[in-house]
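# I would like to see how this sequence folds:
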Amino acid sequence: MSLNFEQARFNMIEQQIRPAEVLDYRVLDTIAATPREDFVPEDYRELAFSDINVPISDCEIMMKPIMEARLLQALDVQPGDKILEIGTGSGYFTALLAKLGQSIDSIDIDPALQRQAQARLTAQDIDNVSLIEGDAAQGWDDGGSYDVIAITGSLPVLPENLKQKLTITGRLVAIIGAAPAMEATLITRIADDQWSTDILFETELPALKNAEQPQGFVF
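Predicted coordinates for the structure are as follows:
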């Protein structure tokens, strides 16, 4: 018997996401209206709503639904926001961001994943996304600034220039650290030379390819 995707999506929201204190109705409505099962590899469709990291390639995963929802709520995406996403992956988190904000530039190092993501986004009539092939693990110098920056793989250290790309009041989420001590972190720019940092929760996530490694101790 095939899975009832609508019921599975409802259960995911009510049994996983709401109990994780994700209560922003815009986030919940967007997740409810976005078919997660269409963004996972065919072999994993029936696991699309499970509390697991779904593999999408040999070394890439989709974040667990709880993590996606909690990060999305922390970013507080507004309808006029310009968004930078580092790590397009399956395109699912891209779709959620795109529905909440005005426009999104999404960067990924893997052209095959981006082609798949583009097809999925097009199938959902999402047309405010620009997919860019590139390596942004150590920063991104496109000259632009963004209201929201979402990094969907972990980083041992956060490149300084990503903080500089935030507008005043702009928000960035990243998973920072090395296993097993990683922290989902929200960084908000509050002035030209001032940022606030909030630790959201502890977690683990594979690192972005080519991520900058912390400097070793110097004696």
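
# quick one: secondary structure of the residue nearest to the spatial centre of the chain?
Most central in the chain under Cα atoms, centre = their mean is Thr152, positioned 4.1 Å from the mean C-alpha point. The assignment at Thr152 comes out as strand when based on DSSP: H, G, I helix; E, B strand; the rest coil.

# which residues sit in contact with the residue lying closest to it once chain neighbours are set aside?
Nearest-residue entry for Thr152: Gly87, 3.6 Å, with adjacent residues in sequence omitted and distances by Cβ to Cβ, 6 or more residues apart in numbering. Just so you know, the C-beta spots here come from the backbone N, C-alpha and C atoms, and that holds for glycine as well. Gly87 makes contact with Ile107, Asp108, Ile151, Thr152, Gly153, Leu208, according to Cβ atoms under 8 Å, 6 or more residues apart in numbering.

# List just the nearest of the residues you listed to Glu68.
Thr152 (8.8 Å; Cβ to Cβ).

# Can you tell me the closest non-neighbouring residue to Ala137?
By the measure of Cβ to Cβ, 6+ apart, the closest residue to Ala137 outside its immediate chain neighbours is Leu208, 4.1 Å from it.

# hang on, I meant Leu131
Nearest to Leu131 is Gln114, by Cβ to Cβ, 6+ apart, at 5.0 Å.

# measure that neighbour to Leu200 for me?
28 Å (Cβ to Cβ, to the nearest Å).

# neighbour count winner among these two?
Gln114 (21 against 16; other Cβ atoms under 10 Å).

# one step back: assumed the residue nearest to Leu131 was part of a helix.
Yes - under three-state DSSP, Gln114 falls within a helix.

# List the contacts of it.
Gln114 neighbours (Cβ under 8 Å, 6+ apart): Thr88, Asp108, Leu131, Glu133.

# and if you look at Thr169?
Contacts of Thr169 by Cβ under 8 Å, 6+ apart are Asp147, Thr188, Arg189, Ile190.

# Looking at the residues you listed, which is nearest Thr30?
Asp147 (17.0 Å).

# helix or strand right after the lengthiest strand in the chain?
If you go by DSSP state E, the chain has its longest strand at strand 166-178. Next in sequence after strand 166-178, counting helices and strands by DSSP states H and E, comes strand 181-191.

# which helices and strands does that following strand pack with?
Using 3 or more Cβ pairs under 8 Å, 6 or more residues apart in numbering; DSSP states H and E, the elements in contact with strand 181-191 are helix 65-75, strand 166-178, strand 194-203.

# Could you pull up the mean pLDDT of it?
Average pLDDT, strand 181-191: 95.

# Mind exporting the C-alpha coordinates of it to CSV?
Output of strand 181-191 as CSV, limited to C-alpha atoms (Å, rounded to 0.1, in the frame of the first residue of the first chain):
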residue,chain,number,x,y,z
ALA,A,181,30.3,19.8,19.0
MET,A,182,28.4,21.7,16.4
GLU,A,183,25.9,24.5,17.1
ALA,A,184,23.1,25.9,15.0
THR,A,185,23.8,29.6,15.2
LEU,A,186,21.8,32.7,14.3
ILE,A,187,23.8,35.8,13.6
THR,A,188,22.0,39.2,13.2
ARG,A,189,23.7,42.3,12.0
ILE,A,190,22.7,45.2,14.3
ALA,A,191,25.1,47.9,13.0
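
# how far away is Gly91 from Asp141?
24 Å.
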